[in-house]
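Undergrad: Quick check, what structure comes out for this input:
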Amino acid sequence: MPQRILCGRCGFTLYEGAEVKQPVEVILQYDGKCPGCGKPLEYDVNNIRLRILSQGG
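TA: The predicted structure is shown next:
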């Protein structure tokens, strides 16, 4: 099942792939800032949205 991690402010795709990554890994990869808008990235377990998409998209 693919995973996609987006910036909460601008929607920049921080990660997209078949391998499930920890959000903290992705935050560290970008030095804690969104490259799209500069927003400081944080991992807040109270602000996670999961969505199941159909096979067609």
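Undergrad: Please enumerate residues in contact with the worst-scoring helix or strand of the chain on mean pLDDT?
TA: Across the helices and strands of the chain, mean confidence by mean pLDDT, DSSP states H and E is lowest for strand 3-6: a mean of 92. Residues from elsewhere that reach strand 3-6 (C-beta atoms under 8 Å, 6 or more residues apart in numbering): 12-21, 23, 26. In short, each C-beta sits where N, CA and C put it, glycine included.
Undergrad: Just the buried residues out of those residues, in PyMOL syntax.
TA: Selection of buried members from those for PyMOL, criterion 16 or more other C-beta atoms under 10 Å:
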select buried, resi 14+15+23
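Undergrad: pLDDT weak spots in this structure?
TA: Counting by pLDDT under 70, the chain shows low-confidence ranges at 1, 55-57.
Undergrad: From what I see, L41 and C34 are in contact.
TA: Yes: with contacts counted by C-beta atoms under 8 Å, L41 reaches C34, the gap being 5.9 Å.
Undergrad: Give me the common contacts of the two.
TA: 7, 14.
Undergrad: returning to that earlier point: after the least confident helix or strand of the chain, next one along is what?
TA: Toward the C-terminal end, the helix or strand that comes next after strand 3-6 (DSSP states H and E) is strand 13-17.
Undergrad: Noted, bye for now.
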